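Prediction below, plus the sequence it came from.
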Amino acid sequence: MNQKTSSLPHKIIGVGVIWNDEGQILIDLRPQDGVMGGLWEFPGGKIEPGETIEECIKREIDEELAIDIEVGEHLITIDHDYTELRVTLTVHECRHIKGVPQPLECDEIRWVNLEQLKQFNFPDANFQIIAALQQKIIYRKQLIN
């Protein structure tokens with residue numbers, strides 16, 4: 001680890017890739033006036049002391065979108081350095097259980113297909129999430145054939 005990396009503030013973030021019954025993924029648009037404003041993201045947030053990643057994801061999704069989810073299997077963990085912040089994203093696939101998503105802490109929300117994700121601007125670290133999802137789908141198709 002270099003000196004620059006160790007001096008950056010570090011946030012541990014729980015992230016949910018939320019699937020609905022139609023095979024779509026929920027994404028949200030970060031507020032224009034915030035950090036990385038105007039970029040799309042997979043919902044989630046900072047882990048609180050004493051909280052598991054799964055508890056964090058469930059809580060953040062409830063607070064930000066007012067929906068109930070089931071937190072499923074771990075997809076990927078990403079360590080990424082931005083100019084002024086280091087993040088560790090721990091990403092789980094989730095299933096939408098009930099409720100209509102509300103943009104409580106974001107500017108907009110959308111259900112999209114995996115193929116549509118490339119049409120949206122995401123923070124740099126999120127591209128690894130998209131790649132992991134694409135690899136998983138390719139792997140599943142290979143198992144079926």
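Thanks, I have it.

okay, and the helix or strand of this protein with the least pLDDT?
helix 3-7 (a mean of 55; mean pLDDT, DSSP states H and E).

What separation do you get for the spatially most central residue of the chain and residue 23?
Nearest to the geometric centre of the chain sits residue 42, at 3.0 Å (CA atoms, centre = their mean). Per CB to CB, to the nearest Å, residue 42 is found 16 Å from residue 23. (C-beta placed from N, C-alpha, C; glycine too.)

Ok, residue 67 next?
17 Å.

Looking at these two, which is more packed in?
Per other CB atoms under 10 Å, whichever of residue 67 and residue 23 has more neighbours is residue 67, with 19 against 9.

what number of residues lie near the residue nearest to that one when sequence neighbours are not counted?
Distances taken as CB to CB, 6 or more residues apart in numbering put residue 99 closest to residue 67, at 3.6 Å, once the chain neighbours are dropped. By other CB under 10 Å, 13 other residues sit near residue 99.

what's the answer for residue 50, then?
Number of residues near residue 50 (other CB under 10 Å) recorded here: 6.

now the strands: where do they sit in this protein?
Assigned by DSSP state E, the chain shows strands spanning 10-19, 25-29, 40-41, 44-46, 68-81, 86-98, 108-112.

Next, format these as TSV and append distance to residue 119, mean neighbour count and mean pLDDT.
Formatted as TSV, these follow (distance: least, CB to CB, whole Å; neighbours: other CB atoms under 10 Å; pLDDT from 0 to 100):
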stretch	distance to residue 119	mean neighbour count	mean pLDDT
strand 10-19	17	22	96
strand 25-29	11	21	97
strand 40-41	9	21	96
strand 44-46	21	18	95
strand 68-81	21	16	96
strand 86-98	20	19	97
strand 108-112	8	15	97
